[in-house]
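> sharing a model prediction with you, sequence too.
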Amino acid sequence: MIQGSCFSLRHVRKSEISQLVSLINHPDAKGDFLPLELMLQGVAEKRMEEESQSKETCETFLIIDESESIIGRVFHFKTIPYFNGREIGYGMFNQESRGKGIMSEAVQLLTDYLFNTLLINRLAIHMHVDNIASEKVAISCGFTKEGIARGASFSRGKHIDIAMYALLRDEWTTR
């Protein structure tokens with residue numbers, strides 16, 4: 001478990017997978033920017049089973065508030081095979097918890113965890129170019145904008161541009 005100021009980060013328990021799938025699939029969690037694709041219970045169970053055996057490709061942490069409720073998640077995964085790094089993803093399920101800096105703190109805790117435990121050189125965060133809230137998280141955690149990947153993702157019936165941010169190990173150690 002990783003302790004934050006008013007929350008903790010911990011791995012998903014098997015008994016929570018059904019609840020997590022419901023939270024991920026809820027329209028409020030998707031907001032205006034995430035794809036409308038629904039996660040299947042079996043897919044989530046298989047992914048969590050694989051994560052429990054090795055964190056080499058993916059690892060998910062729930063953001064748990066002081067009352068033990070799931071309010072969000074942060075995760076990392078291997079993207080490009082020849083990159084020495086990981087991509088970070090995140091989402092806040094609880095509307096009341098948004099805009100309070102919780103996600104920025106959770107991403108910072110995950111960043112510290114990854115650089116302290118893995119021999120990687122870079123972390124990346126990618127988001128829809130219009131997702132200002134996600135961009136604020138990346139910037140507040142010290143990530144630098146590297147550019148725009150035009151038409152890089154397909155969501156809601158159209159191709160969209162993706163803003164790309166990254167943080168290198170030496171930037172993390174000097175902050």
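Nice, I can see it. For clarity, every value in this text was computed on a predicted model and none was experimentally measured. Numbering: from 1, shown residues only.
> quick one: low-confidence ranges for this structure?
36 (pLDDT under 70).
> mind running it again at 80?
Counting by pLDDT under 80, the chain contains low-confidence residues at 28-38, 51-56.
> which residues in the protein form helices?
Using DSSP state H, the helices found in the chain span residues 17-25, 27-30, 41-53, 102-117, 132-140, 169-173.
> got those as a markdown table, with mean neighbour count and distance to R73 columns?
Where C-beta positions appear, they are placed from N, C-alpha and C, glycine not excepted. Formatted as a markdown table, these follow (neighbours: other CB atoms under 10 Å; distance: least, CB to CB, whole Å):
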| stretch | mean neighbour count | distance to R73 |
| --- | --- | --- |
| helix 17-25 | 16 | 7 |
| helix 27-30 | 13 | 9 |
| helix 41-53 | 13 | 12 |
| helix 102-117 | 19 | 9 |
| helix 132-140 | 18 | 13 |
| helix 169-173 | 13 | 22 |
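> among these, which is nearest M1?
For M1, the closest of the helices of the chain is helix 102-117, at 10.8 Å, according to CB to CB.
> counting contacts, what elements does that closest one pack onto?
strand 2-3, strand 7-11, strand 58-65, strand 70-77, strand 85-92, strand 122-128, helix 132-140, helix 169-173 (3 or more CB pairs under 8 Å, 6 or more residues apart in numbering; DSSP states H and E).
> if we can go back for a sec, would CSV of the helices of the chain with distance to S155 be doable?
What follows is the helices of the chain, written out as CSV (distance: least, CB to CB, whole Å):
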stretch, distance to S155
helix 17-25, 15
helix 27-30, 10
helix 41-53, 18
helix 102-117, 20
helix 132-140, 14
helix 169-173, 30
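> so which of those is nearest G72?
helix 102-117 (6.5 Å).
> for the closest one, list the C-alpha coordinates in CSV.
The C-alpha trace of helix 102-117 is given here as CSV (Å, rounded to 0.1, in the frame of the first residue of the first chain):
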residue,chain,number,x,y,z
ILE,A,102,-6.0,14.0,-5.5
MET,A,103,-5.2,12.7,-9.0
SER,A,104,-2.0,14.8,-9.2
GLU,A,105,-0.8,13.4,-5.9
ALA,A,106,-1.7,9.8,-6.9
VAL,A,107,0.2,10.2,-10.2
GLN,A,108,3.2,11.6,-8.3
LEU,A,109,3.1,8.7,-5.9
LEU,A,110,3.0,6.3,-8.8
THR,A,111,5.8,8.1,-10.6
ASP,A,112,8.0,7.9,-7.4
TYR,A,113,7.1,4.2,-7.0
LEU,A,114,8.0,3.4,-10.6
PHE,A,115,11.3,5.2,-10.7
ASN,A,116,12.2,3.8,-7.3
THR,A,117,11.4,0.2,-8.2
